[in-house]
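Student: Sequence below, structure please.
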Amino acid sequence: MLGEPAVPLVAVTSDDPALDVFVIADEARARGWFFQPQLSYRGIPPNLHFTLTGVSDVGALLTALADSAKAARAVGPPDVPSGLVEALDGLDLDTLDDAGFAGLLASVGVDLSGGGEPEMATVNTILDALPPATREALLIRFLSALYA
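Tutor: The predicted structure follows:
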């Protein structure tokens, strides 16, 4: 757990390199849960947020978290193609058209043509490795493509 909870928002992380929080989020979504991933920032590691209220079923959430973590450990961390983060950091998004951006996403296994929501662990891992300004620009473009 990160910090001392004073509100109904709880953030958890993993200090085990074999247990990736972004994969946990994908596994949880496959089980019908939404665990909000957050990228690392200013010394805070990548983490997952949960909002708990008086009607939250904490027991079910903890079971989903444990099941998702077990599945995520079996899957392992995302495999990011070598050199991709560096290439993205130097990319001029203003010169990349929508088809080129869709091709870029497909190169890391994200297919936006199939409907539904893609698995996000690889996308989040790539974004997490980039400087915040580059993350923001890519995320805006990604969300635009996702909901186009």
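
Student: List the contacts of residue 20.
Tutor: Counting by C-beta atoms under 8 Å, 6 or more residues apart in numbering, residue 20 touches 14, 72, 76, 77, 78, 121, 125. In short, each C-beta sits where N, CA and C put it, glycine included.

Student: Compute the distance between residue 102 and residue 81, please.
Tutor: 17 Å (C-beta to C-beta, to the nearest Å).

Student: neighbour-wise, which of those two wins?
Tutor: Of the pair residue 102 and residue 81, residue 102 is the one with more neighbours under other C-beta atoms under 10 Å, namely 17 against 12.

Student: Can you list the residue ranges for strands in the chain?
Tutor: Applying DSSP state E to the chain gives strands spanning 9-12, 36-38, 47-51.

Student: could those go into a markdown table alongside distance to residue 86, mean neighbour count and mean pLDDT?
Tutor: Converted to a markdown table, the strands of the chain look like this (distance: least, C-beta to C-beta, whole Å; neighbours: other C-beta atoms under 10 Å; pLDDT from 0 to 100):
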| stretch | distance to residue 86 | mean neighbour count | mean pLDDT |
| --- | --- | --- | --- |
| strand 9-12 | 29 | 15 | 89 |
| strand 36-38 | 23 | 18 | 95 |
| strand 47-51 | 25 | 17 | 92 |
